[in-house]
Every structure is written in structure tokens, then in C-alpha cells.
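Novice: show me how the following folds:
(one chain, ligands or ions: 1)
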Amino acid sequence: MIEVENLIGGEYSTAAESFDDICPSDGSIIASIPRTMMVDDAVKAAENAQPGWGALSLEQRADWLDKIADALESQHRQLAELEALDTGKPLEVAMEVDISRSIENFRFFAEFSRNMPEEVFEMEDATNTVLRKPVGVVGLISPWNLPLYLLTWKVAPALLMGNTIIAKPSEITPLTAHRLGQILCEIGFPAGVVNIVHGYGPEIGQSLVEHPAVKAISFTGGTATGRLVARTAAPMFKKLSLELGGKNSSIILDDADLGLAVPGVVRAGFLNSGQICLCGSRILVHSSIYDEFLESFLAAVSELKIGPVISENHMAKVLSFIDLAVAEGGDIVAGGLRSEDDGFHIEATVITGLSHDSRTATEEIFGPVVTIHRFDSDAEAVEMANCTDYGLAGSVWSKNRGEELAKQIESGMVWVNTWLHRDLRVPFGGIKDSGVGREGGMWSLGFFSEAINICVKHNDLQARV
Ligand code: TXE
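Specialist: As a prediction, this is how the structure comes out:
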């Protein structure tokens with residue numbers, strides 16, 4: 001039994017009140033999570049630490065990021081075991097996706113900063129330079145689907161730009177954030193620069209968003225929660241980055257290479273039990289190849305071994321969507337049931353026969369459930385892909401027309417003949433109800449800094465070089 005504690009100013013505090021962390025694989029209690037309101041203390045610690053941390057050079061902070069990456073790397077397997085325990089995902093996925101990427105987040109931003117060009121704009125009679133100052137104390141709120149991966153995606157650029165942090169990990173998966181805090185203490189990372197407060201979102205998360213000294217909020221989670229966060233933070237003029245839900249289409253054109261498309265679309269539908277905001281859960285297939293695609297797709301799905309979904313509540317939500325699909329007239333052609341008595345397992349589920357604008361096909365389910373729809377022309381595929389309120393991602397599978405079609409999809413990112421192929425320099429984020437703002441590369445560094453322009457008029461008496 002692990003006792004998760006708040007990390008504030010480099011110290012751990014035992015909680016008077018706590019609640020249980022449940023393992024999704026078997027429903028057992030694996031940890032206790034503090035339920036103590038310590039946001040004020042965390043903000044004070046972060047305020048005290050900010051001037052010292054902000055005074056380091058970019059290079060010194062980048063060196064710290066590398067040290068953190070080294071420390072995480074030395075614990076790669078232990079961190080993956082914790083993530084697998086807390087989320088129920090297979091250990092290989094935790095090793096290869098979650099923890100590898102968490103390490104890369106620190107390494108990437110350290111290296112990126114070393115190659116950052118100076119921002120200088122020459123005028124005829126003056127020189128402008130852009131300074132990037134820290135925003136100050138920032139709040140980072142992260143979800144349960146990729147716990148350490150998505151938290152470190154915010155922590156690394158926030159630290160690099162000289163901010164001090166209050167991190168609020170999901171109360172459903174606190175273990176790797178807790179371990180990250182311990183690792184920071186073990187390597188002598190300056191106290192108070194990263195503070196971690198655990199607990200329920202509407203209590204701890206909400207008070208973090210409300211706190212006047214927290215100058216920016218970077219949030220990844222559900223669209224409904226994002227709306228609440230925006231309602232609180234926007235009137236206080238906080239910087240706000242919202243990475244929200246998605247309902248992404250995988251589009252298979254008539255000239256697709258099915259040898260590539262079928263495994264790609266299966267992976268897009270079911271990786272992490274479909275609990276990634278980028279998952280392609282609505283599959284649009286050209287009529288001329290529909291039968292051939294469906295047969296190979298179902299054969300591949302029948303071979304899948306997937307982990308549980310995250311919680312009992314979430315399992316009930318996903319199963320209720322399968323009931324809804326039946327009520328809407330869909331045919332369950334694979335899966336459809338809870339698959340084991342223990343834990344929160346649902347079979348990989350494939351639904352056909354629904355209209356592309358049905359609720360099942362347009363609302364975010366966030367589980368191992370996909371719907372498949374037919375189209376007859378590229379224009380119809382585009383219209384079907386764009387008919388949801390979300391606009392996060394998508395993929396197009398085609399030998400010749402993928403890029404052209406991708407440009408017409410209303411979403412923040414579209415992959416052609418691949419999925420989840422990430423270059424960390426590119427903008428990441430959604431349009432419509434999928435969010436506000438972009439993260440990644442310079443977009444993250446822009447969010448976590450205040451860009452200040454210094455304009456120096458040339459002295460006409462001195463000769464200019
Ligand atoms: O997320 P929440 P939940 C979607 C997915 C899922 C749904 C709800 O559809 O079924 O969201 O999941 C904190 N003020 N995604 O309930 O509640 C919370 O403690 C401040 C998509 O787990 O949005 C957690 O740390 N913070 C998503 C974080 O917000 C609050 C990944 C996210 O939790 C808060 C996860 C409040 N009032 C779910 N209420 C993606 N885009 O990847 C909660 N929180």
C-alpha cells in the first residue's frame with residue numbers, strides 16, 4: 001500500500017484525511033491519496049522559489065532538465081510498473097509509450113532551448129529584441145490516461161522558462177507524479193520549484209485555478225471540465241491552455257494500402273484501451289473497399305489484447321454508450337461486453353450500421369469502442385469527418401490523395417498513412433470543443449513565458465556596423 005503525499009517546498013506532509021486509489025486491473029486498493037487543502041501553502045512555496053529559479057540562465061535550467069531525464073531513465077522500469085499498476089495498461093505500453101515519452105519530454109525541451117534562435121527584428125533606425133520572462137507561478141492540471149507523459153509535457157517547458165509549478169495530477173492515477181516528486185528530492189532539485197498537490201479536481205484543482213497568485217493554467221482533461229476551468233480563469237486574465245477531448249476520424253480512401261491502413265486504424269482505435277484523446281474512434285471507409293476492410297479489421301481486432309478501462313465509473317459510462325449504440329440501431333459486430341469479472345475490462349467493440357451523426361458516433365466515449373461508416377466520395381468523407389463538435393486530430397489513409405484531403409479536415413492535426421507519429425516541435429492542440437491554444441516546441445515555450453519587446457533606437461552619432 002503506497003501512501004501518496006503532497007510535496008510542498010521540498011517537504012512531504014502526512015494527510016489528516018485521505019481516499020483510496022483503485023487498481024483498474026482487479027479493483028484492489030493500491031494507495032491512499034491525501035484530501036487536504038494545501039493549495040495556499042503550495043503557492044507560497046512556489047512564490048518563494050520563483051526568483052531564484054527564474055534567475056538561472058536558460059542553459060542552467062536546460063541542464064537541470066537533462067538531470068531529471070537521466071534520473072527518470074535510471075528508473076524507467078520501476079516507473080513503468082507504477083504506471084501499469086495505476087492505469088491497468090500493459091507494462092510494455094507503459095515502458096514504450098508512457099515512460100519513454102516522459103523522459104523524452106525533458107530531453108527534447110532541453111535540447112530545443114539550446115538551438116533556439118535569438119528573436120531580433122532590425123528596423124532602419126532601431127533594433128528590437130524579444131525577451132522571454134517567466135510567467136511566475138503556474139498551475140498544471142493533468143488527466144489519468146497518460147499520467148506521467150502528459151504531466152511532464154507541461155512540467156519540462158514550464159521549468160525551462162523559469163516558472164515555478166504547482167502540479168495537480170489526476171486523483172485516479174497519482175502514483176508516477178508522486179514518484180517524480182521523490183526523484184526530484186533525491187537528485188537535489190531546488191525545493192519549492194515543483195510542488196505537487198493531490199486530491200479531487202473540484203476541490204484541489206478548482207482552488208488552484210481560482211488562486212490569484214497562479215498566473216497561468218495548463219489543463220488537459222475532459223471538455224466539460226475545461227469549460228469550468230475557462231469560466232474561472234478567464235475573468236482573472238490568466239494565461240490558459242486547454243487540451244480537451246476529441247472524437248477523431250480515421251478515413252480510408254478507395255486507393256488506401258489496406259496492408260498499412262488496417263493495423264494503423266486498429267492501433268488508432270484501441271491503443272491504451274481507446275483512452276487517448278487522439279484515438280480514431282470513428283472509422284470512415286469508402287464503399288468500394290468497405291467489405292474487404294471490415295473483414296481484415298475484424299480479424300485484427302479479434303487478436304487484440306487490451307487492458308482495462310480506468311475506473312468502475314468510466315466502465316459504466318463506456319458500457320452505457322454501447323447500450324446507446326444498440327438503441328440507436330447499431331449492430332455490434334465485435335465485443336460489446338464487460339470481459340472479466342475482476343477489474344474494469346471491456347471487450348474491443350466494433351459497431352456498424354449507425355448514422356455518422358448519431359450520438360454514439362459523435363460523442364467522446366474514451367474507451368475500446370469504434371464505429372464504422374461508409375462514404376462514396378472524398379467530399380462526403382470530409383463532410384462526415386467534420387460533423388462533430390470536436391476538432392482535435394484525425395488520420396487519412398490513401399496512396400495519392402491523403403494530403404489534399406487532410407487539408408480539409410477541421411482539426412488541429414491530421415496524420416496521413418500513420419497515426420500518433422509525433423515530432424515534439426510541431427503545434428499540438430485542438431479547435432472547436434477540443435481546446436484553446438497549442439503546446440509543443442516554441443508553442444509551449446511561448447505559453448510558459450511573457451514575451452517582452454525591447455526596442456533600442458540607434459544612436460545616429462555612432463556609425464552602425
Ligand atoms: O477528466 P477531468 P475525467 C475525457 C474523457 C473522460 C472525461 C472525463 O472523455 O471520460 O474527459 O474524465 C481535474 N477544476 N478525458 O473526469 O475531470 C481532475 O482532478 C480544476 C479526455 O477524469 O476533466 C484531473 O486532474 N481541475 C482527456 C483533470 O482535471 C479539475 C483525458 C482532468 O479530469 C476540476 C482524460 C475542476 N473543477 C479525460 N475538475 C484528454 N483530452 O486526454 C476536475 N479537475
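Novice: drop to CA atoms for contacts and neighbour counts, all remaining ones
Specialist: Will do.
Novice: which bits of the stretch 301-450 of the chain sit near the ligand?
Specialist: Proximity of the stretch 301-450 of the chain to the ligand (Cα under 6 Å from any ligand atom) is limited to residues Glu364, Ile365, Phe366.
Novice: export those to JSON lines and tack on secondary structure?
Specialist: Putting these into JSON lines (DSSP: H, G, I helix; E, B strand; the rest coil) gives the following:
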{"residue": "Glu364", "secondary structure": "coil"}
{"residue": "Ile365", "secondary structure": "coil"}
{"residue": "Phe366", "secondary structure": "coil"}
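Novice: in stretch 89-105, what's buried?
Specialist: By 16 or more other Cα atoms under 10 Å, the buried positions in stretch 89-105 come out as 89-91, 93-95, 98-105.
Novice: any part of it near the ligand?
Specialist: No. Using Cα under 6 Å from any ligand atom, stretch 89-105 stays clear of the ligand, coming no nearer than 13.2 Å.
Novice: next one: that stretch to chain centre, how far?
Specialist: 13 Å (Cα atoms, centre = their mean, to the nearest Å).
Novice: how about stretch 28-45?
Specialist: How far stretch 28-45 lies from its chain's middle: 22 Å, per Cα atoms, centre = their mean.
Novice: list the contacts of that stretch.
Specialist: Stretch 28-45 has contacts (Cα atoms under 8 Å, 6 or more residues apart in numbering) with 1-6, 8-9, 14-23, 86, 137, 166, 171, 174, 192-193, 195-200, 203-204, 207-208, 213-214.
Novice: C-alpha coordinates for stretch 108-122, CSV please?
Specialist: This file holds the C-alpha atoms of stretch 108-122, laid out as CSV (Å, rounded to 0.1, in the frame of the first residue of the first chain):
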residue,chain,number,x,y,z
PHE,A,108,13.5,17.4,-26.0
PHE,A,109,12.9,20.8,-24.3
ALA,A,110,16.4,21.0,-23.0
GLU,A,111,17.9,20.4,-26.5
PHE,A,112,15.3,22.6,-28.2
SER,A,113,16.2,25.6,-26.0
ARG,A,114,19.9,25.2,-26.9
ASN,A,115,19.1,25.6,-30.6
MET,A,116,16.6,28.4,-30.1
PRO,A,117,17.4,31.3,-32.5
GLU,A,118,17.5,34.7,-30.9
GLU,A,119,14.4,36.8,-31.7
VAL,A,120,15.8,40.0,-33.1
PHE,A,121,13.9,42.4,-35.5
GLU,A,122,16.0,45.1,-37.1
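Novice: and for it, what's in contact with it?
Specialist: Counting contacts by Cα under 8 Å, 6+ apart, the residues outside stretch 108-122 that touch it are 58-59, 61-63, 65-66, 127-130, 156-157, 160, 424, 441.
Novice: so how far is the helix or strand harbouring Ala49 off the chain centroid?
Specialist: In this assignment (DSSP states H and E), Ala49 forms part of helix 39-55. The chain centre lies 25 Å from the centre of helix 39-55; the measure is Cα atoms, centre = their mean.
Novice: which of the residues in the helix or strand following that helix are buried?
Specialist: Proceeding N to C from helix 39-55, the next assigned helix or strand is helix 58-74, under DSSP H and E. Buried residues in helix 58-74, counting neighbours by 16+ other Cα under 10 Å, are found at 58, 61-69, 71-73.
Novice: packing partners for helix 58-74?
Specialist: Counting contacts by 3 or more Cα pairs under 8 Å, 6 or more residues apart in numbering; DSSP states H and E, helix 58-74 packs against helix 100-114, helix 147-160, helix 175-186.
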